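*Asks:* predicted model and sequence follow; I will ask about them next.
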There are 2 protein chains.
Amino acid sequence: MEDSGQQAAETRKVPTHEVTYLRLRDMVLFGVLAPGQPVTIQGLIRDLEAGMTPVREAIRRLTAEGALVLHDNRRVSVPRMTPALLDQLVHVREAVEPKLAELASPHVTPALIARLEEIDEGIEPAIRAADVTTYLRLNHAFHFALYEAAGATVLEDIARSVWLRFGPSLRVILSRYIALGLPDRHAEALAAMKAGDAQALTLAIREDIAQGVDQVRAALADEAL
Amino acid sequence: MEDSGQQAAETRKVPTHEVTYLRLRDMVLFGVLAPGQPVTIQGLIRDLEAGMTPVREAIRRLTAEGALVLHDNRRVSVPRMTPALLDQLVHVREAVEPKLAELASPHVTPALIARLEEIDEGIEPAIRAADVTTYLRLNHAFHFALYEAAGATVLEDIARSVWLRFGPSLRVILSRYIALGLPDRHAEALAAMKAGDAQALTLAIREDIAQGVDQVRAALADEAL
DNA sequence: ACGCGCAAGATTTGATCAAATTATGACGGC
DNA sequence: GCCGTCATAATTTGATCAAATCTTGCGCGT
């Protein structure tokens, strides 16, 4: 039977270090940790109620992904955004994410479209309610549900890394300017998927990136992040 | 006088987990570990004569960088190259490394050129001697000495990750075909640097990438890596 | 007497190791 | 072929040590 192993997978023990990694990763990704904020092993042991080894490993992984930085002091903190960093991130996003959209396009199924629409439906209410966390989670979910369909692990890894580096700053910015009416590029992306138009999908993602980046750039001109 | 404490700092300052990481990283990068080869914590504790914690952390970091893969079994191994993977790596290399060369160009100093020439001088003898390890080390050193001059940490991180994913396969391929006379693109790159021509430098790097990739692609058509 | 700076101790945090626990895969008996 | 047992390896905890930061207070000069 092909699903004999399924309940085993359900019961399978996910290692603590994996869970700890995911929890810490989401804290960075969705702005629970502010730019520049120090991250201590001892603090995470308390906050996440985990052992020392899982916490250390989670920090190492996230450091390798650029989500955290090690100082000479051996201390760890959330990196701040700078104009030079932003330029690099823009370049990478423009190179990788439209490509992911393009690669995903042939694998878009009606089921995926349905799932993306479901995610997208939650976004506008979140904006109106000024619920930044929900907005960030759904926006992230929308993009990566699509990107995962590409089945391109390398590009996906890079995209995840870049989003991790954006997370903290984005949170700060949106907390200030969430009231702004952002025209939703997701609708364009969904329309392109329904039409099976890979080129239009790629373009929609490209515009979505440009829009997000412009916000960060504008905010960065005003204040340090 | 002022650096009386430096020798103590030399030995003590760098944490074991950092050293362990660098050693394991080089083993992947320069093909000491073959594609598909299993990597065990216990084995590394013996081979690298390190404790468990440093080894675990090194593995986690390298896994995050794509240099190693975790299986459902909790086992770790060196990933194999596939055509789909290669396509992604090519796309990223072409997007990132010429950009690094372009950004580095304004910061190229005579001292850097001298260092690059010194590195490059060792390459041809290594090829003639069929010394694959030295060739790989010098080729890597040449590229990253240049890329570091760009001062673009994000792009550099990505480039390092991509090279890590190439390492094991490249070693296998070069062990077979090192006799081939490769026209050296490094000379072109050096000439462009001396002329201060950023565009020519970018082009030289682009061609160097294309050349390396073609080799891998050809080998991949013949056998599994 | 007041304030400044430096140095010794206390405290916090990170690094490393060793031992106990748990999971996985293999071997052998049934 | 299936199930239990055993060996190997990964996971996790706790203890211990080292490094860095913070605090305290003392001495010195003004």
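*Replies:* Structure received. Numbering: from 1, shown residues only, chains lettered A, B, ... in the order given.
*Asks:* write out the residues of chain A neighbouring chain B.
*Replies:* With Cβ under 8 Å from any Cβ of the partner chain as the criterion, chain A meets chain B at residues A:15, A:17, A:53, A:56-57, A:60-66, A:74, A:84-85, A:88-89, A:91-92, A:95-96, A:99, A:151-155, A:157-158, A:161-162, A:165. Bear in mind the C-beta positions are built from the backbone N, C-alpha and C, glycine included.
*Asks:* narrow those residues to those in helices?
*Replies:* Judged by DSSP state H, the residues of chain A next to chain B include A:17, A:53, A:56-57, A:60-64, A:84-85, A:88-89, A:91-92, A:95-96, A:99, A:153-155, A:157-158, A:161-162, A:165 as members of helices.
*Asks:* and A:Leu225, which of the three is it?
*Replies:* coil (DSSP: H, G, I helix; E, B strand; the rest coil).
*Asks:* correct me, but it touches A:Leu170?
*Replies:* No. The pair A:Leu225 / A:Leu170 is not scored as a contact, 9.4 Å apart, by Cβ atoms under 8 Å.
*Asks:* neighbour-wise, which of those two wins?
*Replies:* A:Leu170 (25 against 21; other Cβ atoms under 10 Å in any protein chain shown).
*Asks:* am I right that that one falls within a helix?
*Replies:* Yes. If the criterion is three-state DSSP, then A:Leu170 is within a helix.
*Asks:* wait, it sits on A:Val213?
*Replies:* No. Counting by Cβ under 8 Å, A:Leu170 does not reach A:Val213; the two are 10.3 Å apart.
*Asks:* hmm, who's touching stretch A:199-207?
*Replies:* Applying Cβ atoms under 8 Å, 6 or more residues apart in numbering or on different chains, the contact partners of stretch A:199-207 are A:94, A:97-102, A:104-105, A:143, A:146, A:185-186, A:188-189, A:191-193.
*Asks:* out of those, which end up buried?
*Replies:* A:94, A:97-102, A:104-105, A:143, A:146, A:185-186, A:188-189, A:192-193 (16 or more other Cβ atoms under 10 Å in any protein chain shown).
*Asks:* pLDDT weak spots in chain A?
*Replies:* A:1-12, A:178-183 (pLDDT under 70).
*Asks:* for DNA strand D, what's the nearest residue on chain A?
*Replies:* Proximity to DNA strand D, evaluated over chain A using Cβ to the nearest atom of the strand, is greatest for A:Gly51 at 1.7 Å.
*Asks:* any chance of the backbone angles for that residue?
*Replies:* phi -80, psi 180 (degrees, to the nearest 10).
*Asks:* domains for chain A, by residue range?
*Replies:* Following automatic domain parsing, one gets these domains for chain A: A:6-77, A:83-222.
*Asks:* isn't A:Ala198 up against A:Leu100?
*Replies:* No. The criterion here is Cβ under 8 Å, and A:Ala198 misses it with A:Leu100 at 11.7 Å.
*Asks:* which ones are touching A:Glu124?
*Replies:* A:Asp184.
*Asks:* give the buried residues for the helix or strand harbouring it.
*Replies:* A:Glu124 is located in helix A:123-128, with elements delineated by DSSP states H and E. Under the neighbour-count criterion of 16+ other Cβ under 10 Å, helix A:123-128 has A:Ile123, A:Ala126, A:Ile127 buried.
*Asks:* reformat these as JSON lines; add distance to DNA strand C.
*Replies:* Output for the buried residues of helix A:123-128, formatted as JSON lines (distance: Cβ to the nearest atom of the strand, whole Å):
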{"residue": "A:Ile123", "distance to DNA strand C": "36"}
{"residue": "A:Ala126", "distance to DNA strand C": "34"}
{"residue": "A:Ile127", "distance to DNA strand C": "36"}
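*Asks:* would you format the domains of chain A as JSON lines with distance to B:Pro38 included?
*Replies:* Listed next are the domains of chain A as JSON lines, based on distance: least, Cβ to Cβ, whole Å:
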{"stretch": "domain A:6-77", "distance to B:Pro38": "18"}
{"stretch": "domain A:83-222", "distance to B:Pro38": "20"}
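*Asks:* which one of those domains lies nearest to B:Leu22?
*Replies:* Nearest to B:Leu22 among the domains of chain A is domain A:6-77 (13.0 Å), distances taken as Cβ to Cβ.
*Asks:* hmm, the closest one in reach of DNA strand C?
*Replies:* Yes. Contact of domain A:6-77 with DNA strand C (Cβ under 7 Å from any atom of the strand) involves A:12-13, A:39-43, A:52-53, A:56, A:74-76.
*Asks:* filter the residues you listed down to the buried ones, PyMOL style.
*Replies:* Applied in PyMOL, the following selects the buried portion of these according to 16+ other Cβ under 10 Å:
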select buried, chain A and resi 39+56+76
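*Asks:* rewinding a little: how near is the residue of chain A closest to DNA strand D to chain B?
*Replies:* 12 Å (Cβ to the nearest Cβ, to the nearest Å).
*Asks:* just checking, that residue touches A:Ile45?
*Replies:* Yes. Using Cβ under 8 Å, A:Gly51 is in contact with A:Ile45, at 7.1 Å.
*Asks:* more neighbours, the two?
*Replies:* Each of A:Gly51 and A:Ile45 has its neighbours counted (other Cβ under 10 Å); A:Ile45 has more, 16 against 12.
*Asks:* and the more buried one, what is it in contact with?
*Replies:* Neighbouring residues of A:Ile45 by Cβ under 8 Å, 6+ apart: A:Gly51, A:Met52, A:Val55.
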